[in-house]
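# Sequence first, predicted model second:
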Amino acid sequence: MNINRRKQVNPVHLSSLIRWLLVAAFLGASGLCFLYIKNQQFALAEEIRQMERRIANARSLNETLLARVTKLSSRQMLQQRIAEGFISMKPIQDNVIARLTPPAQATADGVLRTAFNEGIRQ
């Protein structure tokens, strides 16, 4: 028997082991980043859906209120409110009207001319 005979040993190549560990770590980190981004997309999509529901509700409420305002400001409804006595109408007094120019006077033919463009006359 030969005493100097070495045992058969399978050497571990450290450089290839490190390379495969780095590849595995990169793939793992990439997978975690992908999951994080997908979770963020899901959360933002849910917020967008809720906001769209709120906008739709606000638009329908605005349409309802606009219809009600139109109904309440109609001539028929205003006349009904006046008949009920809910609204009282009084004529506007001349002394409470603010004028920028003095009031216009009617001409001899009885027509009141408040605006006149001399360029039209031919």
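Yep, it's here. Residues are numbered from 1 along each chain as shown.
# so which helix or strand takes in residue 61?
Secondary structure from DSSP states H and E places residue 61 in helix 14-72.
# tell me the mean pLDDT for whichever helix or strand comes after that helix?
Sequence order places helix 75-84 as the next helix or strand after helix 14-72, per DSSP H and E. Averaged across helix 75-84, the pLDDT comes to 89.
# for helix 75-84, which positions count as buried?
For helix 75-84, the neighbour count (16 or more other Cβ atoms under 10 Å) marks no residue as buried. Where C-beta positions appear, they are placed from N, C-alpha and C, glycine not excepted.
# mind saving the C-alpha coords of it as PDB?
The C-alpha coordinates for helix 75-84 follow below in PDB (Å, rounded to 0.1, in the frame of the first residue of the first chain):
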ATOM      1  CA  ARG A  75     -92.000  80.800 -14.000                       C
ATOM      2  CA  GLN A  76     -94.800  78.500 -12.900                       C
ATOM      3  CA  MET A  77     -93.200  77.700  -9.600                       C
ATOM      4  CA  LEU A  78     -92.300  81.300  -8.900                       C
ATOM      5  CA  GLN A  79     -96.000  82.300  -9.600                       C
ATOM      6  CA  GLN A  80     -97.100  79.600  -7.300                       C
ATOM      7  CA  ARG A  81     -94.800  80.800  -4.600                       C
ATOM      8  CA  ILE A  82     -96.100  84.400  -5.000                       C
ATOM      9  CA  ALA A  83     -99.700  83.100  -4.800                       C
ATOM     10  CA  GLU A  84     -98.900  81.300  -1.600                       C
END
